[in-house]
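Enquirer: sequence plus predicted model, see below.
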Amino acid sequence: MKSYYLTDSGRVRSHNEDSVTIVKNSSDEFLMIVADGMGGHRAGEVASSMAVTQIGSRFSALSSIGTKLDAVSWLNENINEINHSIIKYAEEHTDSVGMGTTVVMALLTAEFLMFANIGDSSGYVLKGEKLHKVTKDHTLVNLLVDSGELTPEEAVNHPKKNVVLRALGSADKQELDIFDVDMNVNAVLLCSDGLSNMLTKDQIEKVLLEDIGEEAKLIKLIKKCNARGGTDNISIAYLIKESGGEE
């Protein structure tokens, strides 16, 4: 198993509100996390940092996450605690009202691969030579596409494409979408929408299949986003599952 992560503020934002990490516990189980913060006065970076550092440190302290059922319970319990911490912080710091963060996670053990998300940060798997999106964005535009009011083509440049319907810190109760994923994959990629809004799935896939170093792939993806304007912070977490199978 090899893992890499990288974050960049992009070309427009004055600071980076994303947080990203990959942590491992004593059973060699991996948790990948990308969070994209929102809110004024740098409150977004506080929210994303709270999410990533709290859940990351709790996971790395575990001897094992246990069964799939244990993992689902653990993820939901910890995300709800972090959600309450973010709400409490905003209540105590008046300049942080409206702070929140998306979160996308991937949990890989010897027995299973699980994705979880709230918001519009995305999770993908590379299987054979195809990149597949696993998570579903919690956005207004996605809801309109699902209901048939927008076509996927209309959604791409919709003026409200950045309206997020679910985020940590936005409501007392938050529920993760959890995906049980086939372990027969070559790699796992998580990213903030600073990547997925700037590059198509096919463009990301093309870079991941290039014959260059794994870290060089992440650098190239970020450079491509910035070459297209770099309108948002860009964060990527990438894990190579070397024993992953082919399609």
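Expert: It's in. Since we're looking at a predicted model, the values are computed, not measured. Numbers count the residues shown, from 1 in each chain.

Enquirer: for the residue lying closest to Ile234 once chain neighbours are set aside, grab the count of nearby residues.
Expert: Among residues not flanking Ile234 along the chain, Gly194 sits closest, at 3.8 Å (C-beta to C-beta, 6 or more residues apart in numbering). Any C-beta I mention is one placed from the backbone N, CA and C, and that applies to glycine too. Residues lying near Gly194 (other C-beta atoms under 10 Å) number 29.

Enquirer: tell me the contacts of Gly194?
Expert: Gly194 is in contact with 10, 18, 36, 225, 230-235, counting by C-beta atoms under 8 Å, 6 or more residues apart in numbering.

Enquirer: please flag which of the residues you listed sit within helices.
Expert: Mapping these onto helices (DSSP state H) picks out Cys225.

Enquirer: quick check on the residue nearest to Ile234: phi, psi?
Expert: Note on Gly194: backbone dihedrals following degrees, to the nearest 10 are phi -60, psi -20.

Enquirer: nearest spatial neighbour of Trp74, skipping sequence neighbours?
Expert: In space, Trp74 is closest to Ile65, 6.2 Å off (C-beta to C-beta, 6+ apart).

Enquirer: neighbours of that neighbour, how many?
Expert: 23.

Enquirer: gap between it and Tyr4?
Expert: According to C-beta to C-beta, to the nearest Å, Ile65 stands 22 Å off from Tyr4.

Enquirer: swap in Ser192?
Expert: For Ser192, the distance to Tyr4 - C-beta to C-beta - is 15 Å.

Enquirer: between those two, point out the one with more neighbours.
Expert: Ser192 (30 against 17).

Enquirer: export the contacts of Gly194 to a markdown table and tack on pLDDT?
Expert: As requested, the contacts of Gly194 are exported to a markdown table (pLDDT from 0 to 100):
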| residue | pLDDT |
| --- | --- |
| Gly10 | 93 |
| Asp18 | 96 |
| Asp36 | 97 |
| Cys225 | 97 |
| Gly230 | 92 |
| Thr231 | 91 |
| Asp232 | 93 |
| Asn233 | 95 |
| Ile234 | 97 |
| Ser235 | 98 |
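
Enquirer: any of the contacts of Gly194 buried? List them.
Expert: Applying 16 or more other C-beta atoms under 10 Å to the contacts of Gly194, the neighbour count classes 10, 18, 36, 225, 230-235 as buried.

Enquirer: can you give me the strands in this structure?
Expert: Counting by DSSP state E, the chain has strands at residues 2-8, 18-24, 30-38, 100-101, 103-108, 113-118, 122-127, 130-133, 177-181, 187-191, 234-240.

Enquirer: so how far is the fourth one off the chain centroid?
Expert: Taking C-alpha atoms, centre = their mean, to the nearest Å, one finds the center of strand 100-101 at 12 Å from the center of the full chain.

Enquirer: closest to Asn162 among the contacts of Gly194?
Expert: Asn162 has its nearest neighbour among the contacts of Gly194 in Asp232, at 8.7 Å by C-beta to C-beta.

Enquirer: give me the residue at the spatial middle of this protein.
Expert: For the chain, Val104 is the residue whose C-alpha lies nearest the centre (C-alpha atoms, centre = their mean; 3.3 Å).

Enquirer: can you show me the CA trace of the helix-or-strand element of the chain with minimal mean pLDDT as CSV?
Expert: Ranked by mean pLDDT, DSSP states H and E, the helix or strand of the chain with the weakest confidence is helix 152-156, at a mean of 81. Presented in CSV, the C-alpha positions along helix 152-156 are these (Å, rounded to 0.1, in the frame of the first residue of the first chain):
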residue,chain,number,x,y,z
PRO,A,152,-26.2,16.6,-16.7
GLU,A,153,-25.0,18.9,-19.6
GLU,A,154,-27.0,21.9,-18.2
ALA,A,155,-25.7,21.2,-14.7
VAL,A,156,-22.0,21.7,-15.7
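
Enquirer: now it: buried residues?
Expert: Applying a neighbour-count criterion of 16+ other C-beta under 10 Å, one finds Ala155 buried in helix 152-156.
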